[in-house]
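Undergrad: Fold the stuff below for me.
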Amino acid sequence: MQKTFPGLQLRPSLYFQWETRLHFELGEDIYQFDQNGRLNRLRFETVYTQANTIFNEIFSREDDMVLVTNVYKLKDSKDKNRPFKVYKRGLKNKELLYHLTVKNLPYLLDEEEEDEMYIAQYHLKCRTRDLNSDYLIQAACNEDFPLKPNFRSSKRRNYPDVFFVNLTRNALFFIYDDRGCEVIAANRETLRPLYEKHQEWMDEHSLEDARKLFI
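TA: This next block holds a predicted model:
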């Protein structure tokens, strides 16, 4: 991946690391809670639909890909568990679990916590057809709310980040929570269909960046 995206770090805010990029706001300005203070199911169903639409524009069934998960751990933690909710529940083909790899990386998200935390980054090469993508997308969107499915673990205080890396199209898709998602690509033409179809899901700043990209 470093050959295709030199210098890129798989962490939140891919948008600010790469020039060939799109950012989408999810939820269409529908508030997370209804008038009675309950979770607004309409918003979350809208978010799921939008995120799935974007995913399906980028990933075809036979595309080769890597499902990458950042798990944020305390350095003195004895937690050796793999992100069960991502891979075991997120895969249709469970035999692929034997090929799951992990590497430990410095914690680069917060300087104040850098000495206490590290990133256990899991990689699994597969094809799009191997994923339970609806589950993965909904769980990524549900980070901040008590909804199912989710990736929450009682053993970890931080929610994992999941990145969908398309090796066939040289593109990455990341949902940071129910508010939005990022897409980057090596070639701007990979992003053009998304730009042309879903400009209404971009805020003013992101739309201006996209217009400059496709001039």
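Undergrad: Find the residue at the geometric middle of this protein.
TA: Relative to the mean C-alpha position of the chain, the nearest C-alpha, by C-alpha atoms, centre = their mean, is the one of Phe174, at 2.7 Å.
Undergrad: Assign that residue to one of the three secondary structure states.
TA: With DSSP: H, G, I helix; E, B strand; the rest coil as the basis, Phe174 sits in strand.
Undergrad: Could you number the chain from 691 rather than 1 from now on?
TA: With the count now opening at 691, the last piece we talked about shows up as Phe864.
Undergrad: Report the beta-bridge partners for it.
TA: Phe864 has these beta-bridge partners by DSSP bridges: Phe853, Glu872.
Undergrad: With Tyr808 instead?
TA: Residues in beta-bridge contact with Tyr808 (DSSP bridges): Lys763, Pro796.
Undergrad: and what of the one 5 residues further on?
TA: Beta-bridge pairing of His813 under DSSP bridges involves Val758, Thr791.
Undergrad: give the contact list for the residue nearest to the centre of the chain.
TA: By C-beta atoms under 8 Å, 6 or more residues apart in numbering, Phe864 lies in contact with Pro702, Leu704, Asp851, Val852, Phe853, Phe854, Cys871, Glu872, Val873. All C-beta atoms are positioned from the backbone trio N, CA, C, and that covers glycine.
Undergrad: and if you look at Leu716?
TA: By C-beta under 8 Å, 6+ apart, the residues touching Leu716 are Thr736, Val737, Gln740, Ala741, Cys831, Asp868, Arg869, Gly870, Cys871, Trp891.
Undergrad: Next, work out how far apart it and Met691 are.
TA: Going from Leu716 to Met691 by C-beta to C-beta, to the nearest Å gives 25 Å.
Undergrad: For the residue of the chain most remote from its centre, give me phi and psi.
TA: The C-alpha centroid of the chain is most remote from Asn726, which lies 30.7 Å away (C-alpha atoms, centre = their mean). Backbone torsions for Asn726, taken as degrees, to the nearest 10, come to phi -100, psi 10.
Undergrad: Strands along this structure, start to end?
TA: Using DSSP state E, the strands of the chain run over 711-715, 754-764, 791-796, 807-817, 851-856, 861-867, 870-875.
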